[in-house]
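S.K.: Please work out how this folds:
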Amino acid sequence: VQLVESGGGSVQAGGSLRLSCAPSTSGFAFEQYMMGWWRQAPGQEEEFVAAILLDHRSTYYRESVDGRFSISRDNAKKTLYLQMDSLKPEDTAVYFCNAVGSCRANTCHPQFNSWGPGTQVTVSA
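M.R.: Next comes the predicted model:
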């Protein structure tokens, strides 16, 4: 299955964006997976951003985005969201979603080896 991200764009520091992620096929059992967001900035390794568990209440965030980003999900629409407020230039990256395989030491690892196209977020100073 491929998960497709959308909602990226270019904003000034302090601005907001809302990212969405949905499967490209209807057969994906979205509601059975913990879901998360990761990002990759140019020349850097991919890093965990946020995750949401099946109960819709348990969430995890990397420290640098905690309090500014909010992850949510709508199982009926099979869609994952990431509300990003108070954006900073260091948030500039391509953002990807994936199912969560495991979480440990305040970071989560992706379930699937394949990734969608991602959505570019660019924050200018």
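S.K.: gap between the top strand by length along the chain and the chain center?
M.R.: Ranked by residue count, the top strand of the chain under DSSP state E comes out as strand 93-104. Here the centre of strand 93-104 is set off from its chain's centre by 7 Å, with CA atoms, centre = their mean, to the nearest Å.
S.K.: got it, and stretch 106-117?
M.R.: Worked out by CA atoms, centre = their mean, stretch 106-117 lies 10 Å from the chain centre.
S.K.: contacting residues around it?
M.R.: Stretch 106-117 has contacts (CB atoms under 8 Å, 6 or more residues apart in numbering) with 1-5, 21, 24, 33-34, 36, 38, 48, 51, 60, 62-63, 96-103. For the C-beta atoms, the positions are set from N, CA and C on the backbone; glycine is no exception.
S.K.: Put the buried members of those residues into a PyMOL selection.
M.R.: Buried residues among the contacts of stretch 106-117 (16 or more other CB atoms under 10 Å), as a PyMOL selection:
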select buried, resi 3+5+21+33+34+36+38+48+51+60+62+96+97+98+99+100+103
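S.K.: Show me the contact partners of stretch 92-105.
M.R.: The set of residues that contact stretch 92-105 without belonging to it, under CB under 8 Å, 6+ apart, is 3, 5, 8, 19, 21, 33-41, 44, 46, 49, 51, 53, 60, 80, 82, 108-112, 115-116, 118-123.
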